[in-house]
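Trainee: have a look at this prediction, sequence included:
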Amino acid sequence: MSRAKALQFYILTRLLLAPLMLWTIVTIVFLLLRATPGDPADAILGNRAPEAAKAALREQLGLSKPFIFQYLDYLLRLLRLDLGTSLTSRGLPVWDVIRDHFPATVELTVFGMAVAVVLGVSIGMFAASRPNTIWDAGGRLFGIITYSLPLFWMGMVFQLIFAVQLKWFPLGTRFPIAVTPPAQLTGLYTFDSLLTGNWLGLITALHYLALPCLSLGLLLSGIFERIVRVNLKQTLRSDYVEAARARGIPERKILVSHALKNAMIPVITVLGLTFAALLGGAVLTEVTFSWPGLGNRLYEAILLRDYPTVQGIMVFFGVIVVIASLLIDLANAYIDPRIRY
């Protein structure tokens, strides 16, 4: 089979598997919510609410039906792209909840990943280009520490030092409450400020974004540092790199133009899946910093047992993860000629 036909077969296989992956995610979310102890009516209305009100809420949620009919109704609504109505957001459709909170998560994820990639790849390159030195050991130590530190703990330490004691950064929101936010074009305050030429709004949005992004990016950078350092060290010992050195090519050019390109192939996979996972809920970061994103909204919905909101957000995140994994697999298949199907 030629490579073109093999690639087409692989793409078709992945496209056919994507709905199966999404169905698995949807089913697991449905089962876990139903298996969680407690009554959603009590969580939402309180223990002192009238029994008639609780029964009406259970009827609204479909909890009075047999389990299998609840599941089938849930799947049929999803096929119609109906995520239901939030029980804790004044009756807003779940799609509106996602629309209102998702831009904050995207903004946090984009800038957090930018910090992680720049910092992780830079330290990984620097350490790999100086093997068996103190710099190599330092890069290894950096990767271990940042990878193992709890995100919520690092976030609280950053808040205590840089926001409470030094007062360098604000906390608790995306923009000052007393200041009108940038025009809502994309929902991303930084990009909206750029598009409208609102430079003061851009500086303010970056100021509020800096601390959670630095906290998230610093801990994620350890993942990229370890992958780049290990793969780059192996690549620098390969035959074609030795041949390039023998031809008198400068070491810097060998590192950037020859070795780094091949060493970045596994980084692409990790980058895509990590980005999808963060879009699917940088819950700890958002809750720790009171960031008004979709992960924080999901956490609140879980506490209140808001079934429609939890299910809708998790399905939305599941779609993102499935699409991202599919795109990453296809990108690797196209970039890396060593892959066979």
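Mentor: Perfect, thanks for sending it.
Trainee: tell me the contacts of Thr85?
Mentor: By CB atoms under 8 Å, 6 or more residues apart in numbering, the contact set of Thr85 is 91-94, 308. In short, each C-beta sits where N, CA and C put it, glycine included.
Trainee: same thing but 10 Å
Mentor: By CB atoms under 10 Å, 6 or more residues apart in numbering, the contact list for Thr85 reads 60, 91-97, 308-309, 312.
Trainee: any chance of the residues you listed in CSV, plus distance to Val241 and secondary structure?
Mentor: As requested, the contacts of Thr85 are exported to CSV (distance: CB to CB, whole Å; DSSP: H, G, I helix; E, B strand; the rest coil):
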residue, distance to Val241, secondary structure
Gln60, 65, helix
Gly91, 62, coil
Leu92, 57, coil
Pro93, 56, strand
Val94, 52, helix
Trp95, 52, helix
Asp96, 54, helix
Val97, 52, helix
Pro308, 56, helix
Thr309, 53, helix
Gly312, 50, helix
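Trainee: return the members of those residues classed as buried.
Mentor: Neighbour counting by 16 or more other CB atoms under 10 Å classes 93-95, 97, 308-309, 312 among these as buried.
Trainee: top helix in this protein by residue count?
Mentor: Ranked by residue count under DSSP state H, the longest helix found in the chain is helix 199-236.
Trainee: which parts of stretch 180-187 are buried?
Mentor: Those would be 181-182, 187, for stretch 180-187 by 16+ other CB under 10 Å.
Trainee: give me the contact list for it.
Mentor: Contacts of stretch 180-187 (CB under 10 Å, 6+ apart): 99-104, 106-107, 174-175, 188-196, 198, 200-202, 204-205.
Trainee: go through the residues you listed and flag which are in helices.
Mentor: Counted as lying in helices by DSSP H, out of the contacts of stretch 180-187, are 99-104, 106-107, 189-196, 200-202, 204-205.
Trainee: and those residues, which of them are buried?
Mentor: Among these, those scoring as buried are 101-104, 106-107, 189-194, 201-202, 204-205 (criterion: 16+ other CB under 10 Å).
Trainee: which one of those residues sits closest to Leu166?
Mentor: The shortest gap between Leu166 and any of these belongs to Thr204, at 18.6 Å (CB to CB).
Trainee: how far does the helix or strand containing Thr24 sit from its chain's centre?
Mentor: Using DSSP states H and E, Thr24 maps to helix 3-35. Helix 3-35 sits 19 Å away from the centroid of its parent chain (CA atoms, centre = their mean, to the nearest Å).
Trainee: buried ones in it?
Mentor: So, applying 16+ other CB under 10 Å, buried residues of helix 3-35: 7, 10-11, 14, 21-22, 25-26, 29-30.
Trainee: dump those residues into JSON lines; add pLDDT as well.
Mentor: Formatted as JSON lines, the buried residues of helix 3-35 follow (pLDDT from 0 to 100):
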{"residue": "Leu7", "pLDDT": "67"}
{"residue": "Tyr10", "pLDDT": "71"}
{"residue": "Ile11", "pLDDT": "74"}
{"residue": "Arg14", "pLDDT": "77"}
{"residue": "Met21", "pLDDT": "84"}
{"residue": "Leu22", "pLDDT": "85"}
{"residue": "Ile25", "pLDDT": "84"}
{"residue": "Val26", "pLDDT": "86"}
{"residue": "Val29", "pLDDT": "83"}
{"residue": "Phe30", "pLDDT": "83"}
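Trainee: hmm, Leu214 and Val157 touching each other?
Mentor: No. Using CB atoms under 10 Å, Val157 makes no contact with Leu214, being 11.7 Å away.
Trainee: between these two, who's got more neighbours?
Mentor: When neighbours are counted by other CB atoms under 10 Å, Val157 and Leu214 differ, and Leu214 comes out ahead with 19 against 12.
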